[in-house]
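S.K.: Predicted model and sequence below, questions to follow.
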Amino acid sequence: MRLVFECVECGGHYLPPEGMVYPDGPASPLWCSSCQTVRRTAGESEDPLLARIALAAARAALARRAAEGVEPAAGRGDVRPSRPPLSRRARSGPGGVRSKLG
Ligand SMILES: [Zn+2]
């Protein structure tokens, strides 16, 4: 499962690659890819302490989601129904039971 971060710059949620590495360099736990590009271009680097806090927060959120069994919507395109389809028995209702008693 991948970590979801909240960009401290634009407030948007983003999902860096699992290894925290983009094809063109390391991913930041503080900034989304576009804000990171802007910051890097401006010659700024992330605060290592804030980065560690952001990483720990993302890990805690991941553990919470794992415990609840909820995957981030931005994950794989694997959409499952929220509940299983009704079985034949559920559709027939209590009538099936009664016919046996009679
Ligand atoms: Zn951003």
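M.R.: That came through fine. Treat the numbers as computed from the prediction; the structure is a model and nothing was measured.

S.K.: ends of stretch 3-23, how far apart?
M.R.: End-to-end span of stretch 3-23 (Cα to Cα, to the nearest Å): 17 Å.

S.K.: in it, what counts as buried?
M.R.: Going by neighbour count (16 or more other Cβ atoms under 10 Å), the buried part of stretch 3-23 is 3-8, 14-16. C-beta here means a position set from N, CA and C on the backbone, and glycine is covered the same way.

S.K.: you'd agree residue 5 is up against residue 17?
M.R.: No - judged on Cβ atoms under 8 Å, residue 5 makes no contact with residue 17 at a distance of 11.7 Å.

S.K.: How about the residues of this structure by the ion?
M.R.: 7, 9-10, 32, 35 (Cβ under 5 Å from the ion).

S.K.: rerun that using 8 Å as the cut-off
M.R.: Proximity of the chain to the ion, by Cβ under 8 Å from the ion, involves residues 7-12, 14, 31-36.

S.K.: May I have the residues that are in contact with residue 27?
M.R.: 16-17, 20-21, 33, 36 (Cβ atoms under 8 Å, 6 or more residues apart in numbering).

S.K.: In a helix, residue 50, correct?
M.R.: Yes - if the criterion is DSSP: H, G, I helix; E, B strand; the rest coil, then residue 50 is within a helix.

S.K.: I figured it was touching residue 8, is that so?
M.R.: Yes - here residue 50 reaches residue 8: they are 7.3 Å apart, a contact under Cβ under 8 Å.

S.K.: List the buried residues of stretch 23-30.
M.R.: Buried residues in stretch 23-30 (16+ other Cβ under 10 Å): 27-30.
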